[in-house]
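> the following block contains a protein sequence and its predicted model.
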Amino acid sequence: MDAISADNPELLAIQGRLQASDSEVRRVALLDLADLEGEDHLPLIIASLKDPAAAVRAEAARALEAFESDASIDGLIALLDDSDPAAREAAAQSLYELKQRESARRILPHLTHPSAFVRTTLFRALRELRVAESFAPALAALADADATVRREAVTVLGYLKQPQALPALTSLAVADPEPEVRRAAMGAVGFASDESILSALLDGLTDPAWQVREEAATTAGKLRLENAQDQLIAALQDTYWQVRLRAARALGCLRLSRAVPPLIDALSHSMSNLRKEAALALGEIGVPEALPALEQIRDDRDPEVRKSARLAIAQIHAAGQSVQILRKEGRQ
């Protein structure tokens with residue numbers, strides 16, 4: 001009998017079940033062990049990471065997502081090399097759920113692991129930790145041979161928001177051969193404080209992959225890049241509705257009066273999501289010329305569109321009243 005369970009009958013009983021010949025009994029015992037939520041049973045869970053049954057190893061990995069300890073993190077990292085995909089995925093998910101900055105020091109030494117799956121998983125686990133030490137390995141990983149690793153490294157850099165990463169990210173946004181990487185890079189450059197990324201975003205709005213065009217439109221709106229207005233207006237006619245939707249949202253952020261006519265045209269589109277976004281964008285722009293078209297969709301068949309139309313109409317009226325008040329105060 002080991003010391004961790006000698007004075008705990010419930011834990012002792014579970015420990016006995018963890019030695020059962022039936023792997024399902026061992027797996028269920030781990031579930032019961034996790035319900036106890038005590039630090040004293042952590043060694044039993046870590047030991048189960050080496051169970052001969054893959055289902056038990058996966059269950060142990062899932063149980064460890066609640067523990068922040070060197071031993072549990074090291075065990076999960078080791079399990080990323082498991083022969084069973086379910087066990088590997090469970091370890092990857094638990095590492096991601098361990099959103100504690102202290103775990104980064106255990107992860108960083110493994111970022112050059114020979115397995116692309118392991119490298120991808122560890123960068124994914126690091127991205128929301130925002131530790132400065134992950135900057136250099138993430139920047140280096142932009143040249144990784146595996147696209148999924150490059151994508152996760154891009155995301156880490158996007159979270160860190162270091163201006164010195166922008167040249168590499170903008171280059172990747174237009175030149176990487178994989179659309180998933182270009183899309184991630186288009187989103188990651190959204191922390192830029194100037195128009196140094198404008199050229200890349202303009203290229204992104206005409207990218208062959210609609211996912212990249214969608215992300216470029218989102219970032220252009222987020223950064224309120226007025227020099228992208230022509231491309232965003234053109235994107236309202238994109239073949240893919242996802243791009244048109246993001247372009248409408250971006251034009252609302254830019255509050256461009258010249259975008260009003262194409263946005264009014266979008267109010268009659270067959271897709272309700274696009275009608276809703278066009279209405280909201282017209283409300284943000286706030287010009288009275290849009291009121292007749294918005295009044296026409298107050299009885300739209302989609303309740304979300306009706307709600308958006310009412311909000312937009314109220315915004316435009318409020319904007320008009322504000323202008324009148326300012327003019328009156330100016331005369332006084």
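Good, I have the coordinates. Residues are numbered from 1 along each chain as shown.

> helices and strands around the helix or strand hosting Ala217, which ones?
Applying DSSP states H and E as the criterion places Ala217 in helix 210-223. Helix 210-223 sits against helix 179-188, helix 198-204, helix 229-235, helix 241-254, with contacts defined as 3 or more C-beta pairs under 8 Å, 6 or more residues apart in numbering; DSSP states H and E. Quick note: C-beta positions are derived from backbone N, CA and C, even for glycine.

> 6 Å instead?
helix 179-188, helix 198-204, helix 241-254 (3 or more C-beta pairs under 6 Å, 6 or more residues apart in numbering; DSSP states H and E).

> list of residues touching the shortest one?
Taking C-beta atoms under 6 Å, 6 or more residues apart in numbering as the criterion, the residues outside helix 198-204 that touch it are 170, 173-174, 186, 212, 216, 220, 225, 227, 231.

> quick check: Ala34 touching Leu64?
No - using C-beta atoms under 6 Å, Ala34 makes no contact with Leu64, being 9.0 Å away.

> between those two, who's got more neighbours?
Higher neighbour count among Ala34 and Leu64: Leu64, with 28 against 19, using other C-beta atoms under 10 Å.

> give me the number of residues near the nearest residue to the more buried one once chain neighbours are set aside?
In this structure, Leu64 finds its nearest non-sequential neighbour in Ser72, 4.5 Å apart by C-beta to C-beta, 6 or more residues apart in numbering. By other C-beta under 10 Å, the residues close to Ser72 number 26.

> off-centre distance for the helix or strand hosting Ser72?
In the assignment (DSSP H and E), Ser72 maps to helix 70-79. Helix 70-79 sits 25 Å away from the centroid of its parent chain (C-alpha atoms, centre = their mean, to the nearest Å).

> got the contact list for it?
With C-beta under 6 Å, 6+ apart as the criterion, helix 70-79 contacts 46, 49, 61, 64, 87, 91, 94-95, 103, 106, 110.

> hmm, try it at 7 Å
42, 46, 49, 57, 61, 64, 87-88, 91, 94-95, 98, 103, 106, 110 (C-beta atoms under 7 Å, 6 or more residues apart in numbering).

> what are the buried residues along the helix holding Ala217?
Within helix 210-223, the residues that qualify as buried are 210-221, 223, counting by 16 or more other C-beta atoms under 10 Å.

> for the closest residue to Arg255 other than its chain neighbours, give its distance to Ala200.
If the residues on either side of it in the chain are set aside, Arg255 comes closest to Ile285, at 5.0 Å by C-beta to C-beta, 6+ apart. Using C-beta to C-beta, to the nearest Å, Ile285 is found at 26 Å from Ala200.

> how about the contacts made by the residue nearest to Gln296 when sequence neighbours are not counted?
Nearest residue to Gln296, sequence neighbours excluded (C-beta to C-beta, 6+ apart): Leu267, at 7.4 Å. Going by C-beta under 7 Å, 6+ apart, Leu267 touches 275, 278-279, 293, 297.
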